[in-house]
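*Asks:* structural data only, the sequence is not supplied:
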């Protein structure tokens, strides 16, 4: 161990595995420096314990002190009492243990199954400790930020992260988008996974907005050879000066009844109208949408509807909804090129695809396109994976699909019926996982939430949202107090599969030339001469 | 000789927990709370002066007022020099530790002091050595003495602090120890702290 002097905080005075460890602070330690979310190391007799400060409190030895407070104006008395008759205390949730001796390297940190003995010394976790737990930046680990109040780099194993569906949550304006960009860059550099990003607000592809600041660079600007920008709105992209690789058009015949299920609420369709869609599909085949829109109010058609047992008002309701879809500029009777083919073409070559929505920022377009494309991509992936398994060949590149406003796709009402619900539940069987971004996690189906591997959450203050994000996590109540006290910007809590223990952290900087240079440097697959050149250009 | 210079009296009454010494000179009593030691053949015994008194040598005979026609108190003694022989000053000390084979212990010695052992005032160096540990505070706090415990503890700490160049640091450390010992009696703690703050 590189003996970096660690700061002694106090001693363990009470502990229970269930409720955590109570630590009495030494007199010299200022209570005000103890912040919730910091890490401490407890030196047990045989092993070291790792935990997070989850509560800070004040104590007195004699209750009469609180009733008749001493003369604190007297410096001598105040100083004598500090740390003796009056003391600070912290509550620590133990998370991991590291066995003593050489097995540390072999076993690594283990989940905590016991508690430290009475009066074990508690230190602030040193940089070295943190490195031991979270690992160093290497070929698979990506530096995503720093633990709160620490210089240590918090590194995530993104290979591991990309294997499961993950979620990024937080109120609007807390930095979800920045965090997502960092994660996407990480996955782009350190994992084999390829990303497909449904970019509702045009934030990821070329440039992103920043409140009160000039725009930040998007993925394409940083990694031009690895990222392709697709757009649904060519004109808008051109106006923003984005060089796009492909313009996505959706044909009527590509829209299936399953897509309509998701749109029921946004298009204000009734339940019978959705039923009618299925019947129309059976009747007309792939061209059902075109045919339905073409149906005039003639006697023949009335007869037809009667045959299908569709009520007139239901039909009108459906038609109004379909007209909304028809008005979307990217929807055409026949798409010249199949967007799914094109996306898969890029993905199979290891290129990441950002699909910009341009002006189409309304939920209808987003839900329709994201669901339709994902459904078809997933079907192809399923088939490819099955073929690969049967033939013993290499499976397709792992694909991570990023969706925003996830509660629209994954709310309890529709989660069981949409493709996203299926992907979230089936996990990585078919090499497709989700990166879910949402501001109302309580709106997401609990089953889907429970299947998410790693969750990163910025500040949330709605009780139900907090509960749903932390559902099933051990030490939930303690984490709750950490989560609800995160700063409103640039602070997040990560927990789950990809990290050995929950950690509150500050995401690394994004948006300055130095930060871009940092990202490019971390990319080992990138030729170093190119890096230098890129950095020079960035500074210009 | 320094030993003679710091010799303040002789033990005239001794028990395990305390002893009484008579001063060699009338009124030359070590201050309340000062650290004294008995140079016993078996080893040193340390005590803290916890009370003192001056009275006539014969228990039944009380002194009478003599100064009606004298201009000052000093004149009384000058005109009646026998007074210095008829009066005596005693001081009582609580035993707070002992030294045995060069080691210092902050608890009671196995045997009380012998009568007529000499009592010395400890030098600043000895005071510093003894006060490295505050365990004597517990003995003082629990003792039954004619003066109030708060007064005794405060006086002892004030006396000891004079041997230190940084008296405040010493008093602070002692105060912290007291805060722990008196964790359930804030009133007493407050009384002592009030008496030792500068």
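*Replies:* Structure's in. What do you need? All values derive from a computational prediction rather than experimental measurement.
*Asks:* tell me the buried residues in the helix or strand harbouring residue B:76?
*Replies:* Using DSSP states H and E, the element containing residue B:76 is helix B:73-79. Across helix B:73-79, burial judged by 16 or more other Cβ atoms under 10 Å in any protein chain shown covers B:76-77. In short, each C-beta sits where N, CA and C put it, glycine included.
*Asks:* again with stretch A:78-95
*Replies:* A:80-95.
*Asks:* which residue ranges form the strands in chain B?
*Replies:* B:7-14, B:18-23, B:35-40, B:43-56, B:87-100, B:103-105, B:118-121 (DSSP state E).
*Asks:* which parts of the fourth one are buried?
*Replies:* Pointing back at strand B:43-56 there. Applying 16+ other Cβ under 10 Å to strand B:43-56 flags B:43-52 as buried.
*Asks:* which other helices and strands contact the helix holding residue B:76?
*Replies:* Using 3 or more Cβ pairs under 8 Å, 6 or more residues apart in numbering or on different chains; DSSP states H and E as the contact test, the elements touching helix B:73-79 are helix B:83-86.
*Asks:* farthest-apart pair in the buried residues of stretch A:78-95, please.
*Replies:* The distance between the two most remote of those (Cβ to Cβ) is 36.1 Å, for A:80 and A:95.
*Asks:* what about residue A:263, how many neighbours?
*Replies:* 24 (other Cβ atoms under 10 Å in any protein chain shown).
*Asks:* hmm, residue A:269 and it touching each other?
*Replies:* Yes - using Cβ atoms under 8 Å, residue A:263 is in contact with residue A:269, at 7.0 Å.
*Asks:* name the residues contacting each of these two.
*Replies:* residue A:321 (Cβ atoms under 8 Å, 6 or more residues apart in numbering or on different chains).
*Asks:* what about stretch A:460-477, average pLDDT?
*Replies:* Average pLDDT, stretch A:460-477: 83.
*Asks:* distance between the ends of that stretch?
*Replies:* Start and end residues of stretch A:460-477 are separated by 14 Å (Cα to Cα, to the nearest Å).
*Asks:* which SS state does residue A:506 fall under?
*Replies:* Assigned by DSSP: H, G, I helix; E, B strand; the rest coil, the conformation of residue A:506 is strand.
*Asks:* who does it bridge with?
*Replies:* residue A:146 (DSSP bridges).
*Asks:* can you count the residues close to it?
*Replies:* Neighbour tally, residue A:506, other Cβ under 10 Å: 20.
*Asks:* ok, now residue A:286?
*Replies:* Other residues close to residue A:286 by other Cβ under 10 Å number 14.
*Asks:* follow-up on the earlier one: near chain B too, which of the buried residues of stretch A:78-95?
*Replies:* A:80-81, A:83-85 (Cβ under 8 Å from any Cβ of the partner chain).
*Asks:* can you put the residues you listed in a markdown table and add distance to residue A:363?
*Replies:* Output for those, formatted as a markdown table (distance: Cβ to Cβ, whole Å):
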| residue | distance to residue A:363 |
| --- | --- |
| A:80 | 64 |
| A:81 | 60 |
| A:83 | 57 |
| A:84 | 61 |
| A:85 | 60 |
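*Asks:* could you check the pLDDT of the residue lying closest to residue B:120 once chain neighbours are set aside?
*Replies:* Nearest in space to residue B:120, with sequence neighbours left out and distances taken as Cβ to Cβ, 6 or more residues apart in numbering or on different chains, is residue B:6 at 4.9 Å. pLDDT for residue B:6: 85.
*Asks:* try residue A:532
*Replies:* 58.
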